[in-house]
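everything below, folded, please.
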Amino acid sequence: MQFINEYTILIFDVELSGPNLYKNALVQIGAVLWNIEHNKLENEFLIDINLEEDKQWDVQTVKDFWLSNDELKKNYEKIKNNKGTNIKESIDQFVNFLNYCNTRCNGRMKMGTNRLDIDASWLNMYLCKYNYPPLHLIFGKIDTLVDTNSFHQACALYTHLDVENFNKERKGNYNPNECVLKYYKIHKRPNTIYDHNPLHDATYIAEIHSTILNTISNIKQTNILSPFSITPYPKLMSHPPLLKQYKKNK
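Numbering: from 1, shown residues only. Prediction:
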């Protein structure tokens, strides 16, 4: 039986020149290999990618995102002036990093990100372009990718209605990472700031993910495939369908 905190996870994060898969491009990749059980960094990866000749910067994205602070502006200027790495070499380096980390973990590594639908889609597009398998097949077998946003929301037993109510109360500032920390009464916050540097963001996500899983594991040694074996908290009692399922699986 594999318990919930007995594995190592690779968290990745990407930044883009804009939202359009056809017109815009992948311009940064960051990733960290994080030991969940010991809550520590094992390895890290960061690369700035020169914009491809047939791609462009989205004007609104540049204005709203890349020029929003000095650090992002510096990265934008570096990439804009072609002082990064070309896209093929960047993807090759990223795949080499994935393979190295997976070998180091004896094939027991999981992968995940905060925006799985976006980040994995962009990476898969470029992996396929340069004749690599998509992320869930990158090691020659089917692997499940972890959507940490959804996972943390589920750990806090937040339903879609809860999220909607939270957004009304907080004016749309719902953050599943912060909500799950609050739910389990965890006062310690990540040492890394979530500032849209993909390496910093990946580290931030990994720290929270590790803290949450170790907290749950300390409550009860929980099989990762059985979320309802977690000791019930008050919110569980407010959702009869969840409570019924919990009692059934207890």
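
given the helix or strand where Leu41 lies, what are its sheet partners and their directions?
Here Leu41, judged by DSSP states H and E, is contained in strand 40-48. According to DSSP bridges, strand 40-48 has the following sheet partners: strand 26-35 (antiparallel).

coming back round to it: can you give the contact residues for the strand holding Leu41?
Residues external to strand 40-48 that are found in contact with it (Cβ atoms under 8 Å, 6 or more residues apart in numbering): 8, 27-35, 75, 78-79, 83-85, 90, 93-94, 97, 100-101, 104, 198-199, 202-203, 206. Any C-beta I mention is one placed from the backbone N, CA and C, and that applies to glycine too.

quick one: buried ones out of those residues?
8, 27-35, 75, 79, 84-85, 90, 94, 97, 101, 198-199, 202-203, 206 (16 or more other Cβ atoms under 10 Å).

buried residues of the strand holding Leu41, list them for me.
Residues Glu42, Phe45, Ile47, Asp48 are the ones in strand 40-48 that count as buried (16+ other Cβ under 10 Å).

turn these into TSV, columns for pLDDT and distance to Val62.
As requested, the buried residues of strand 40-48 are arranged in TSV below (pLDDT from 0 to 100; distance: Cβ to Cβ, whole Å):
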residue	pLDDT	distance to Val62
Glu42	95	34
Phe45	98	25
Ile47	98	20
Asp48	98	16
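
who's in contact with Thr8?
With contact set as Cβ under 8 Å, 6+ apart, Thr8 has these partners: Leu33, Trp34, Asn35, Ile36, Glu42, Cys101, Cys105, Arg108, Met109, Lys110.

give me the next element, helix or strand, following the strand holding Leu41.
helix 59-61.

how about Leu98, secondary structure?
Of the three states, Leu98 takes helix under DSSP: H, G, I helix; E, B strand; the rest coil.
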